[in-house]
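Enquirer: here is a sequence with its predicted model. Questions after.
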Amino acid sequence: MFGLLFPERTYPMDPTSLTQIDPTHWMLDLSQFPSPPFHQVCIFLLSPSSLPPNQALSLYFQPSPTHTPPFLFCGALTPDRPSAILTLPWPADSETEKSNIGAKIGVCVEDLTVLPPIKDEGEGRRGERMALKVGESLFNYMQSFCGADGGGNIVVPADILDRWFRKFQERARRDPNYIKGFDL
């Protein structure tokens, strides 16, 4: 009915990796995969017509067995949206984010009317992560030129932004995957 994969990871999953709890519920224990933890999962319908009318295939995530609420809604597929890359909502600054131990993914067939609105992450959060990575690149570049004025301020050359941007553009031209590496 569906498939799962983790972008930029190649861990073989045999059919026993997913535990079928009943005809409409499955569980994947992420402890069986090596760390570091997964941050995204790609889920896709093998046959979009396999979903009954007004039903969706939902994906939930549990970062640890003690996490409250136990499972967090990540997104859902419908025949009109047969695949998605969903972000797994790890708690910020938590020990559980450093390992897959105890983390689980739940997949189930549910009535569309009981689900929260299905959002396509699209440019929203992905754009925020990209902006953060670009900002980190700029900050690291600026640090290599900075001095201090004694008042706790960082002093950099006036043309630092132009110099960084030229370097950024050159690197992106040389390596087409460079910018892709900014998107987690």
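Expert: Great, that's in hand.

Enquirer: run through the bridge partners of the closest residue to Gly75 other than its chain neighbours.
Expert: Spatially, and ignoring its direct neighbours in sequence, Gly75 is nearest to Leu86 (4.4 Å; CB to CB, 6 or more residues apart in numbering). The way it works is simple: take the backbone N, C-alpha and C, and place the C-beta from them, glycine included. Beta bridges link Leu86 to Val41, judged by DSSP bridges.

Enquirer: Leu86: what's it in contact with?
Expert: The contact partners of Leu86, taken as CB atoms under 8 Å, 6 or more residues apart in numbering, are Gln40, Val41, Cys42, Ile43, Leu59, Cys74, Gly75, Glu121.

Enquirer: domains for the chain, by residue range?
Expert: Using the TED database, the domain parsing of the chain gives 2-111, 121-181.

Enquirer: could these be laid out in CSV, adding mean pLDDT?
Expert: Output for these, formatted as CSV (pLDDT from 0 to 100):
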stretch, mean pLDDT
domain 2-111, 82
domain 121-181, 72
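
Enquirer: of the ones you listed, which stretch is the most buried?
Expert: Most buried of these, by mean neighbour count (mean count of other CB atoms under 10 Å): domain 2-111, with a mean of 15.

Enquirer: what's the spacing between that one and its chain's center?
Expert: Its chain's C-alpha centre and that of domain 2-111 lie 11 Å apart, by CA atoms, centre = their mean, to the nearest Å.

Enquirer: kindly check the end-to-end length of that domain for me.
Expert: Using CA to CA, to the nearest Å, one end of domain 2-111 lies 17 Å from the other.

Enquirer: dump the residue contacts of the closest residue to Ser47 other than its chain neighbours.
Expert: What sits nearest to Ser47 in space, not counting adjacent residues and going by CB to CB, 6+ apart, is Met1, at 7.3 Å. By CB under 8 Å, 6+ apart, Met1 lies in contact with Leu45, Leu46, Ser47, Ser50, Leu57.

Enquirer: next, the contact list for the last one, please.
Expert: In other words, Leu57. Going by CB under 8 Å, 6+ apart, Leu57 touches Met1, Phe2, Ile43, Leu45, Leu51, Ala76, Leu77, Thr78, Val107, Cys108, Val109.

Enquirer: how does it look with 10 Å?
Expert: By CB atoms under 10 Å, 6 or more residues apart in numbering, Leu57 lies in contact with 1-2, 24, 26, 43-45, 48, 50-51, 75-79, 81-82, 84, 107-110.

Enquirer: just the element for it, please.
Expert: strand 55-62 (DSSP states H and E).
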